[in-house]
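**Student:** A predicted structure for the sequence below; I have some questions about it.
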Amino acid sequence: MPESHIIPWDAGTWTNAPHTAVAHGTDLEVTAVEGSDAWRHTAYGFVHDTEHALLAPLAVGEAMEVSFRAPWEGQFDQAGLFVRIDDEHWMKAGVEYADGHLGLGAVVTAGGSDWSVGHVDEWLHSEITVRVSRWADALIVRARADDGPWRLVRVAPFDGDAAASAGPLLAAPTRAGLAVRFTRWVGSEADTDLH
């Protein structure tokens, strides 16, 4: 991976303020508001723009990584990385706890949302890192648990001419008290290869 630089927690701006966000040394522990989520229309019919995402600029040719831990307990508890152009053009990638399983996936939204996901129950107690590289026409998403191998999660179309921002994400659609400890937020040059 390319050489990285730390992004300070205070370099970002929240899309929606969390219940709390408290620094613990170099970590940031964030507690979600009950009912927070990001989704547009598809299959469920609703629009939710209440996620907690701490965003800083992400240009074409750059990458961003976020690492975190959480006690995955509530239906649809989620954390990861959010990339946003505007209300109708964004992507969230990371893990979500649903129906008793931890899922690794992404929601790509262009007017409506789509969701791809696969179980990673073995990641339940791990530090998880999500990495997004921004290419001229795409977002390349990778993830790993602890120091394990990177997995390719998604190649998603994304407008290279639009200004975008990205950063840590959490949401708790069904409960109060989800606390995610973000341990790392870094930027680097984008990956140049898919394989």
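**Tutor:** Received, thanks. Residues are numbered from 1 along each chain as shown.

**Student:** okay, CA-based contacts and neighbour counts for the rest of this
**Tutor:** OK.

**Student:** lowest average confidence, helix or strand, in the chain?
**Tutor:** Within the chain, confidence by mean pLDDT, DSSP states H and E is lowest for strand 47-49 among all helices and strands, at a mean of 79.

**Student:** next structured bit after it?
**Tutor:** Going down the chain from strand 47-49, the next helix or strand is strand 52-57, by DSSP states H and E.

**Student:** Adjacent strands (with direction) for that following strand?
**Tutor:** strand 13-14 (antiparallel), strand 165-171 (antiparallel) (DSSP bridges).

**Student:** How far does that strand sit from its chain's centre?
**Tutor:** Strand 52-57 sits 10 Å away from the centroid of its parent chain (Cα atoms, centre = their mean, to the nearest Å).

**Student:** With stretch 185-195 instead?
**Tutor:** 15 Å.

**Student:** same question, stretch 5-19
**Tutor:** The answer for stretch 5-19 is 13 Å, by Cα atoms, centre = their mean.

**Student:** what is the mean pLDDT for it?
**Tutor:** On average, the pLDDT along stretch 5-19 is 97.

**Student:** what does stretch 68-82 give?
**Tutor:** Here the average pLDDT along stretch 68-82 is 96.

**Student:** Geometric centre of this structure: which residue is closest?
**Tutor:** Closest to where the C-alpha atoms of the chain average out (Cα atoms, centre = their mean) is residue 81, at 1.8 Å.
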